[in-house]
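*Asks:* Predicted structure and sequence below. I'll ask about it afterward.
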Amino acid sequence: MQSDATDRPIDRWFASYSGDHRNDTNQWIHVFAVPAILWSVIALLWCIPVPGTWFLPGFWAALAMFAAWMFYFRASRRLGFGMLLVFVALAWLTRWLHLVLGTQGLLVAAAGVFVLAWIAQFVGHSKLFEGKRPSFFTDLRYLLIGPAWILAKAYRRLGLTW
């Protein structure tokens, strides 16, 4: 981490997000639920039909991943490159699942994961654990901050900076 936790906008985002995620159990729930939500959104977008014959399934997911990646890369080059790897891995997983399950099967799986992961998120934020509303209720951009926050936690565990 940088010497001052408020040097860059991403550091301010993380500091604010961390303030809403102090409970250890809620943090662990987020470590699993946030990537699950990220994958499920990618998979749901993968299922949207593409126009004509110029585009392949996954076009809408690729556009969304690229837009999110630009946000991360502008916030931090190292986080941007890490999120690029995450997006590539999730795209490959989603493409494989699409081939195996078909569009309908992928849609059902993604919807199920989406619902279960959000239930877990809200349990983590309930009075049982965190007792605070999810950050995205104050600013929708926190929906993008969550995956980067999880990646930054992984970077710290590996002794890397972001």
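*Replies:* Everything's here; your move.
*Asks:* contacts and neighbour counts: CA atoms only from here.
*Replies:* Noted.
*Asks:* What helices and strands are in contact with the worst-scoring helix or strand of the chain on mean pLDDT?
*Replies:* Across the helices and strands of the chain, mean confidence by mean pLDDT, DSSP states H and E is lowest for helix 9-19: a mean of 91. Applying 3 or more C-alpha pairs under 8 Å, 6 or more residues apart in numbering; DSSP states H and E, one finds that helix 9-19 contacts helix 142-157.
*Asks:* And for the helix it packs on, what's in contact with it?
*Replies:* 1, 13-14, 17, 30-31, 34-35, 38, 68, 72, 79, 82-83, 135-136, 161-162 (C-alpha atoms under 8 Å, 6 or more residues apart in numbering).
*Asks:* Of those residues, just the buried ones, ChimeraX syntax please.
*Replies:* To isolate the buried subset of the contacts of helix 142-157 in ChimeraX, counting by 16 or more other C-alpha atoms under 10 Å, use the following:
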select :13,14,17,30,31,34,35,38,68,72,79,82,83,135,162
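*Asks:* Perfect, I'm done here.
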